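J.: Everything below, folded, please.
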Amino acid sequence: MDRKLNWLKEAFSRDLSIMQDGQVVGGMHRDLLGHDVEAYLNATRLRFDVTGFLFHSVTVHDLNAGNQVIGHIAFSFGKRAELKLASGESYLWKRHSMLMREWDMIRETPDGLPEKEVVSYDLTRKFFEDAGDISVHEDKPIAAVELIILTGLFIRNYFQRRRRIAAGAGAIAATT
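T.: Reported below is the predicted structural model:
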């Protein structure tokens, strides 16, 4: 059973909305000076706790379970990321191109090989807002799938933010 969602992030906003059939069912928020992100999708409530200065690590907390740690995200060279859940499951975040117009969350086998594309994302509009579609190809319990959906969006926004910061630093360095 495939499920379709849409997402929208307006220009200069730190908030992202997730819609299903035109109704807001989820979102993400990052404070102005903070790195941490709080996210929700239906009943699932998460906090992505970003730590580190140059090399970040991310711990995923379940806010519905008293801020319990349920996973970690490991980044590798701006191209890939891996979600490792406390349950032992692993999911690979993979973009299709440098433009990050399409990306997937792929379940991995215990030996680290790709097993199944669980969630796929498309960027459909980019002018004064980023907007796109989410296709869910998984029949797992809803809370587990929503964790994967939110993580895929978090990772994409994380890489986009890092790219903007690097471009800004490069522009400043070029003018001095």
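
J.: quick one: low-confidence parts of the protein?
T.: Where the chain drops to pLDDT under 70, the residues are 1, 78, 162-176.

J.: What is the longest strand of it by residue count?
T.: strand 114-126 (DSSP state E).

J.: buried sites along it?
T.: Using 16 or more other Cβ atoms under 10 Å as the test for burial, strand 114-126 gives 118-121, 123. (Glycine included, C-beta is placed from N, CA and C.)

J.: which of the residues you listed lies closest to Q160?
T.: Ranked by distance to Q160 (Cβ to Cβ), the buried residues of strand 114-126 are led by L123 at 10.0 Å.

J.: could you pull out the helices for the protein?
T.: Taking DSSP state H, the helices of the chain run over residues 142-175.

J.: any idea where the strands of it begin and end?
T.: Taking DSSP E, the strands of the chain run over residues 3-10, 15-20, 23-30, 37-41, 44-51, 57-62, 68-76, 80-85, 90-95, 102-108, 114-126, 129-136.

J.: Just put the ones you listed in a markdown table and tack on distance to Q160.
T.: Formatted as a markdown table, these follow (distance: least, Cβ to Cβ, whole Å):
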| stretch | distance to Q160 |
| --- | --- |
| strand 3-10 | 9 |
| strand 15-20 | 11 |
| strand 23-30 | 12 |
| strand 37-41 | 13 |
| strand 44-51 | 14 |
| strand 57-62 | 15 |
| strand 68-76 | 13 |
| strand 80-85 | 13 |
| strand 90-95 | 11 |
| strand 102-108 | 11 |
| strand 114-126 | 10 |
| strand 129-136 | 8 |
